[in-house]
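> how would this look folded up:
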Amino acid sequence: MADDAKYRVGDYTIDVSRFRLTAGGQTVPIEPKVFDLLVYLIRHRARVLSRDELFQQVWDGREVSDATLSNHIKSARRALGDNGELQQTILTVRGRGYQFVAPVTDDPEPAVEVAVARGRRRPLWLLLPAAVFVVIVATSFLLWRNWSAVPARADAATPIVLVLPLEIGGDAPASWQGWADEIARRVIGSLREISGLRALARATSFSFAGADRTHEHIRRQLPDVSYVLSGVVTPAGDRGFRITLELDELETGRQAWRKVYEHRGSFDEAALTEVEAAIAPAVSQSLQVTILEDEQLALRRLREPLTSDHEALELYVEGWKYLQLYDYESMKKAVDLFERATARDPEFFDAYLALGEANRWIFGYYETPRDVLPKVIAALKRAQELRPNSAEPLSALGLTYTMAWDWDEAWRYLNLAREKDPRLAITELGFALYYCAHDEAERVKQSLQRAKENDPLNTELADWGNWALFMVGESDAARDWVNGMMEKHPTFGFIAAGAGVGAGISGDYPRAVKLAEQGHLLESTPIVKVMLAQAYGYSGRHQEARTLLHEAERAGVYTCPYESAVAYLAIGETDASMALLEKSYEKRSNCLIFLGVDPRLEPLRKDSRYQQRFAALLALVGLDDDAVKSHRARMRAG
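Residues are numbered from 1 along each chain as shown. Below you'll find the predicted structure:
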């Protein structure tokens, strides 16, 4: 079929010469590789096309995963107003492949305008092993040096790079996935050492694990991203593996770089290091890039083995598999694995850092903070001892001390972390919560903006950022923030439930109930039940609120007494509310950072029966008037 052909499918026109899909005269957005797939399916619609044929013909035989093909099929259907349930355009033939089944009208009439020649646009598949992260570093520096030659967004002074988690393809064993994830984590760490580009943080990158990786979806989620690094690991030969790496320009689909590496031997850290040692010099020479001297030193350090104990390394890699799931049971498994790793190697910096992170999540969401806090501090301080110049343990300590209302230590560690690395989202979240506790609204917004720039899909930031905004009276900003975050994290119940709390504070009780119920459907944990009870209380549905509170109390797990206090206040039970606030001090509830600014507590503040007890509690938490005045003076001093 000639390249100037047109195809009509219902109201849609596929213009091959112009690489354009239209409906009713309006252009339908479609990324280049999805367009190529759609055209190939239409041209060969008389038969079922196997996955292997599509890989060979549409992807030029390059290694891509089954998930990649499935995502592109999904996007092609969506572009034609179809979906996987209806399958009115592209039919999945189980065990065989795909067939285009919608009626097609051929229109070979050539386009009047001369089409601009298009270079091959290739998809992005990032699999950047510890073995080959120097390739990516060098490639990204090449992009940085040639940025002016590439059509860039007007507001993009520095290229922003998204590293996607590695995929495994072919008959690769499932055990490879943990190593593939570790590779991606190290690549992100290496790229973030380079000042000439901005690599988004790990939490944002791993939000795409097992999710839609098409350019179209990434652009919707992260419109400021310039380049995507992606790839796939597949078996090669009897005992070898192949790593296929690609770097694409997100806006145009242009492939900036591609490389295939093959290795004989098992897929583990030793093999990956061996591959890197073989290719790094050649890549550096071919790209002719200059990396700053201090950055070269940092990159050399990142190439060192994480540990000399192979079993400790396997425990660490397995622990990360659970850590990035972000639910309570997975966090407990992660803690156990990281503890076993550090027991085998007491010098294992990365395992202590991961152990601190896992315990910090449990401290923030799942268990009595008083009991977990010492574990968080011990792990992070050990990491700090092992690597004093690393900003990551300092950042995590700063946020932890903020949530534990240890204001002096929080301020010290947050500033140390920012001084060593100003790009860590966790540091800025810590500052935002610190400023929130002291009613510094503008500083809250500034810190949240900096955090969002570096880790825009971080779920912890999405959740706590909303609370920080509505606690300082920024209702409109909080609503804009949480609407965007719910769109990006549609299955994370804490965000929706927190949005319900914000709506309740602003007086929009119907919206508060709707959002809190949505959060409860997604995540019916005791704390989410308590937040839904608040919404019911504000709406006059007191009996339903009491039922939820009793369910939360009978759950047998820690439920934040601070939020329970607010729920009881919402149904008019002030004595119970004040008692629970005092209990929250005993449990060292992290929500007490809001004690001085929380508008939900205004009835207690104004009630003469509780004013003395409330003032005493503020003093215990370090948020009485004199303490706040002192802290603000320190803020203004820098």
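> every contact and neighbour count from this point should use C-alpha atoms.
Will do.
> bridging residues for residue 9?
Beta-bridge pairing of residue 9 under DSSP bridges involves residue 12.
> thought it was touching residue 100?
No - Residue 9 lies out of contact with residue 100 (C-alpha atoms under 8 Å); the separation is 10.6 Å.
> which one's more surrounded, the two?
residue 100 (24 against 16; other C-alpha atoms under 10 Å).
> residue 59 versus the nearest residue to that one once chain neighbours are set aside, what's the distance?
Leaving aside its sequence neighbours, residue 100 sits nearest to residue 90 (C-alpha to C-alpha, 6 or more residues apart in numbering; 4.5 Å). Residue 90 is 18 Å from residue 59, where distance means C-alpha to C-alpha, to the nearest Å.
> contacts for stretch 311-329?
With contact meaning C-alpha atoms under 8 Å, 6 or more residues apart in numbering, stretch 311-329 is reached by 178-179, 182, 206, 306-307, 330-331, 333-338, 340-342, 344-345, 351, 354, 358, 361-362, 366.
> buried subset of those residues as a PyMOL selection?
Buried residues within the contacts of stretch 311-329, by 16 or more other C-alpha atoms under 10 Å, are selected in PyMOL with:
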select buried, resi 178+179+182+206+306+307+330+331+333+334+335+337+338+340+341+342+344+345+351+354+358+361+362+366
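> out of the contacts of stretch 311-329, name the ones that lie in helices.
Judged by DSSP state H, those include 178-179, 182, 206, 330-331, 333-338, 340-342, 344, 351, 354, 358, 361-362 as members of helices.
> domain parsing of the chain, as residue ranges.
6-107, 130-304, 306-388, 399-630 (automatic domain parsing).
> among those, which gets the worst mean confidence?
For the domains of the chain, mean pLDDT drops lowest on domain 130-304, to a mean of 69.
> re the thing from before, got CSV for the domains of the chain, with distance to residue 638 too?
Listed next are the domains of the chain as CSV, based on distance: least, C-alpha to C-alpha, whole Å:
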stretch, distance to residue 638
domain 6-107, 47
domain 130-304, 25
domain 306-388, 23
domain 399-630, 9
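> then stretch 430-438 to CSV, C-alphas only?
The C-alpha coordinates for stretch 430-438 follow below in CSV (Å, rounded to 0.1, in the frame of the first residue of the first chain):
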residue,chain,number,x,y,z
GLY,A,430,10.0,18.4,55.7
PHE,A,431,10.4,22.2,55.3
ALA,A,432,6.8,22.5,54.2
LEU,A,433,5.4,20.7,57.2
TYR,A,434,7.8,22.7,59.5
TYR,A,435,6.5,26.0,58.0
CYS,A,436,2.9,24.7,58.3
ALA,A,437,3.3,24.1,62.0
HIS,A,438,4.4,27.7,62.4
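> which residues does it contact?
Applying C-alpha under 8 Å, 6+ apart, the contact partners of stretch 430-438 are 395, 398-400, 402-403, 407, 414, 441, 443-448, 464-465, 468-469, 471-472, 593-597, 623, 628, 631-632.
> ok, and the closest non-adjacent residue to the most centrally placed residue in the chain?
The centre of the chain sits closest to residue 204, judged by C-alpha atoms, centre = their mean, with a distance of 2.6 Å. Counting by C-alpha to C-alpha, 6+ apart, residue 204 lies nearest to residue 457, which is 4.5 Å off, once chain neighbours are set aside.
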